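In: Quick one: sequence and predicted model below, then my questions.
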Amino acid sequence: MCGTVAMEKRALNPLGNAGAAVCRSLFGPVDREELQAEYRALLRRDLEASARRWGFDFLNERPLAGGDFEWEGVPGAKVPALYRTCMVGQQRGAPQGEQGGKENEARTPERTAKPRCPESTPEKSPAQTLKRKQTNITDFYQAKRRLVATPRKSGQ
Amino acid sequence: MELLCYEADTVRRAHPDPNLLYDDRVLQNLLSIEERFLPQCSYFKCFQKDIQPFMRKMVATWMLEVCEEQKCEEEVFPLAMNYLDRFLAVVPTKKCNLQLLGAVCMFLASKLKETRPLTAEKLCIYTDNSIKPQELLEWELVVLGKLKWNLAAVTPHDFIEHIMKKLPLPSEKLPLIRKHAQTFIALCATDFSFAMYPPSMIATGSVGAAICGLQLDDGDRSQWGDNLTDLLAKITNTEVDCLKACQEQIESVLVRNLRQVRQQQQQDPRGPRKEMDELDQASTPTDVRDINLYLK
């Protein structure tokens, strides 16, 4: 059986380099600047397509005139936690919408291009937190408490 | 008292669910939605300028090696190739970015199918650090957008159990047939000529090739009726002629690959391996049972 598996592996591998390292660069060096430019262009095009489709300017968080949809602002606190803008890893001071309730859309290149550090908790700044009406950490605890409090349904 | 922890390195898998595998509606639903996940066009002819079929083969071979070395679930590789083909059918891509795309596709497929997915860092190491994790994550978003976030594509693997349970096969042979069919599916994913085929046809052809290769079809003719192919074709509503052609194509790709392996071995200055000498005595490389015998 071992032999068969080895044979199959080699049959699938026309290079037959069983011993050679799998770690390899196939098509030479990547042009980093070009790659970055292409990435931004593709994301921008994606965002433009979304803007047309939904009649909404996701960059400036404003409804566009003449779209198929009618947009209505809703206070962030009124939408389920799932839909609120997540603070983790986002740059502070980025122009976030006050109304929250954002569509799950491709991010703007400007926002994603910035280095993210998901590990670090944003510094405390009561003014901003208040302004954004976001209480994500609390939401998390609430959810957890609810989970623990749920009685077991089965008779285990 | 000593305590043992069994969680160590075992991957947790769900048991096969009879509600999914023994209900014909599941098979019918798979058949009705599978076309949605095919690439939009045969992109080498109509679309791509910088990349060619042999480059797809190069990146596919590399991806398969990474998946094997990382012991990924069988579905990860064909699913990643499905993403790659669907992306290439809509975005003109430069050859120097093809490996990045392959890595991104493996990253996504692994996250969808595995309990312990491949990490971005690991994948970057496999590109000999020619790409950075940050780039991988950025392009992940681009690929997701172009795939319209439709990641749960139907793959040939989804059909294997449905097909096998409808065939009168001896239960002790099932694991070997499954293993060979999976190998053929991976083989098809490396070859662009199969990229536009519906997954059910590839699955049916692969099971057929596996059974023929193991020569399980000629012992007791009566149990198959006249023709295994007819029976297989009926299960997945495939045209008999298409299925025959598909199975033959699979077998010829296998022969071609085995021949390439052999040439490679002969050119190897270290001399041919022992197993390859022995393999040469086998009359037909497509006869997987022979390979099995010679290599035992």
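Out: Arrived safely. No experiment lies behind these values; they were computed from the predicted model shown.
In: Point out where chain A drops to low pLDDT.
Out: Applying pLDDT under 70 to chain A flags the ranges A:1-20, A:86-156.
In: So in it, which helix runs the longest?
Out: helix A:32-54 (DSSP state H).
In: Tell me the helix or strand right after that helix.
Out: The helix or strand immediately downstream of helix A:32-54 is strand A:56-57, counting by DSSP states H and E.
In: quick one: residue B:93 and residue B:47 touch, right?
Out: No: using Cβ atoms under 8 Å as the test, residue B:93 is too far from residue B:47 to be in contact (9.5 Å). C-beta: built from backbone N, CA, C; applies to glycine.
In: More neighbours: which of the two?
Out: Remark: of residue B:93 and residue B:47, residue B:93 carries more neighbours, 21 against 17, as counted by other Cβ atoms under 10 Å in any protein chain shown.
In: So the more buried one belongs to a strand, correct?
Out: No: applying DSSP: H, G, I helix; E, B strand; the rest coil, one finds residue B:93 to be coil, outside a strand.
In: Could you list which residues are in contact with residue B:40?
Out: Applying Cβ atoms under 8 Å, 6 or more residues apart in numbering or on different chains to residue B:40 gives the contacts B:86, B:89, B:90.
In: per-residue confidence for the last one?
Out: As summarised for this prediction, residue B:90 has a pLDDT of 93.
In: Near it, how many other residues are there?
Out: As a burial measure, residue B:90 scores 15 neighbours (other Cβ under 10 Å).
In: That one and chain A, how far apart?
Out: With distances taken as Cβ to the nearest Cβ, to the nearest Å, residue B:90 is found 11 Å from chain A.
In: I'd say that residue and residue B:143 touch.
Out: No: Residue B:90 is beyond contact range of residue B:143, at 10.5 Å (criterion: Cβ under 8 Å).
In: care to break chain B down by domain?
Out: The record assigns chain B these domain ranges, following the TED database: B:36-147, B:156-266.
In: mind checking which of those domains is nearest residue B:15?
Out: domain B:156-266 (12.7 Å; Cβ to Cβ).
In: Span of the closest one from start to end?
Out: 34 Å (Cα to Cα, to the nearest Å).
In: Return the mean pLDDT over that domain, rounded to an integer.
Out: Here domain B:156-266 scores 88 as its mean pLDDT.
In: Figure out how far it is from the centre of its chain.
Out: Centroid separation for domain B:156-266 versus its chain: 12 Å, with Cα atoms, centre = their mean, to the nearest Å.
In: Just checking it against chain A, any contact.
Out: Yes: judged by Cβ under 8 Å from any Cβ of the partner chain, domain B:156-266 comes into contact with chain A at B:179-180, B:183, B:186-187, B:190, B:254, B:257-258, B:260-261, B:264-265.
In: Could you dump the residues you listed into CSV with neighbour count and secondary structure added?
Out: Listed next are these as CSV, based on neighbours: other Cβ atoms under 10 Å in any protein chain shown; DSSP: H, G, I helix; E, B strand; the rest coil:
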residue, neighbour count, secondary structure
B:179, 16, helix
B:180, 22, helix
B:183, 24, helix
B:186, 23, helix
B:187, 21, helix
B:190, 23, helix
B:254, 22, helix
B:257, 21, helix
B:258, 22, helix
B:260, 16, helix
B:261, 23, helix
B:264, 18, helix
B:265, 20, helix
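In: Just name the closest of the residues you listed to residue A:36, please.
Out: Distances from residue A:36 to these, taken by Cβ to Cβ, are shortest for residue B:190, at 30.5 Å.
In: need the contact list for that closest one.
Out: Counting by Cβ under 8 Å, 6+ apart, residue B:190 touches A:12, B:57, B:60, B:61, B:64, B:81.
In: and which of those residues is nearest to residue A:80?
Out: Of the contacts of residue B:190, the one sitting nearest to residue A:80 (Cβ to Cβ) turns out to be residue B:81, at 37.1 Å.
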